[in-house]
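Peer 1: sequence-free structure coming up:
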């Protein structure tokens, strides 16, 4: 029962805020939208009638006082003053604002015929402003993270260059590991291999491997690449061919 009491208030929220509700699927959104839209229109209509009676009566009274005074034009009649007050009321911005609220409630009721739930316009604007501010903050955070990551990559590249210039060129050391279902090839090299970035496909002799990971270890072969053998060949232009001047392969069962 409580869900039916909350539904009219929750239906006022914009789409993103509604979907953030933990019990979103349990809310009768069409029922809530009809009730809240009907109440919105009725309240706006009542406010509109009160605003009409108050403003027109006040303006007519002021107009009559002015007409009866010496400063007012004597040719004005009560009907002229009433018509002028009605025109002012009709063109007043507050009149249009209240009327739009009434029409919004009717539009929200009609939207349920197409299984659409519309929130109220002020909360919709608030959600858009909040989203834009959040995205701006997220963009600034992403830009800082990108700058830090770019600097870190630059430092890594420089340190890698310094490391490789100090190491002698030695043959790669290969280690083959097998189990019941998989085969892994681990390659230790003295210098980094260009374009060897996971998950590139590497062809070694007549076998194909997928590069799973790369890591850094001790000299004289600090660059280690771990590859997993594929069940079938995948020839193509993007496959890298590996033909090492290697040390003997050690096989671990």
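Peer 2: Sure thing, it's come through. Keep in mind that what you see is a predicted model, and the values were worked out from it rather than measured. Numbering: from 1, shown residues only.
Peer 1: in the stretch 51-200 of the chain, which spans are strands?
Peer 2: Assigned by DSSP state E, counting those that start in this stretch, the strands in the stretch 51-200 of the chain fall at 173-178, 183-189.
Peer 1: elements contacting the first one?
Peer 2: Translated: strand 173-178. Secondary-structure packing of strand 173-178 (3 or more C-beta pairs under 8 Å, 6 or more residues apart in numbering; DSSP states H and E): strand 183-189, strand 250-252. Any C-beta I mention is one placed from the backbone N, CA and C, and that applies to glycine too.
Peer 1: and for the longest one?
Peer 2: Contacts of strand 183-189 with other secondary structure elements, assessed using 3+ C-beta pairs under 8 Å, 6+ apart, are made with strand 173-178, strand 223-229.
Peer 1: can you check what angle separates the last one from strand 183-189?
Peer 2: Right, strand 223-229. Counting by axes from the mean of the first three to the mean of the last three C-alpha atoms, to 10 degrees, strand 223-229 lies at 160 degrees to strand 183-189.
Peer 1: circling back: deepest of the helices and strands packed on strand 183-189, which one?
Peer 2: The highest mean neighbour count among the helices and strands packed on strand 183-189, using mean count of other C-beta atoms under 10 Å, belongs to strand 223-229: a mean of 20.
Peer 1: sheet partners, orientation included, of it?
Peer 2: strand 183-189 (antiparallel), strand 207-216 (antiparallel) (DSSP bridges).
Peer 1: next helix or strand past that strand?
Peer 2: strand 240-242 (DSSP states H and E).
Peer 1: what is the mean pLDDT for that next one?
Peer 2: Mean per-residue pLDDT for strand 240-242: 88.
Peer 1: now for that strand, which elements pack on it?
Peer 2: So strand 240-242, by 3+ C-beta pairs under 8 Å, 6+ apart, packs with strand 201-204.
Peer 1: and the average pLDDT for the strand it packs on is what?
Peer 2: On average, strand 201-204 scores 88.
Peer 1: tell me where the model's unsure across the protein.
Peer 2: Applying pLDDT under 70 to the chain flags the ranges 64-78, 136-165, 233-237, 245-253.
Peer 1: sorry, back to before: how about JSON lines for the helices and strands packed on strand 173-178, with distance to residue 202 added?
Peer 2: Listed next are the helices and strands packed on strand 173-178 as JSON lines, based on distance: least, C-beta to C-beta, whole Å:
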{"stretch": "strand 183-189", "distance to residue 202": "8"}
{"stretch": "strand 250-252", "distance to residue 202": "18"}
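Peer 1: to residue 206, which of these lies closest?
Peer 2: Of all the helices and strands packed on strand 173-178, it is strand 183-189 that lies closest to residue 206, at 13.3 Å by C-beta to C-beta.
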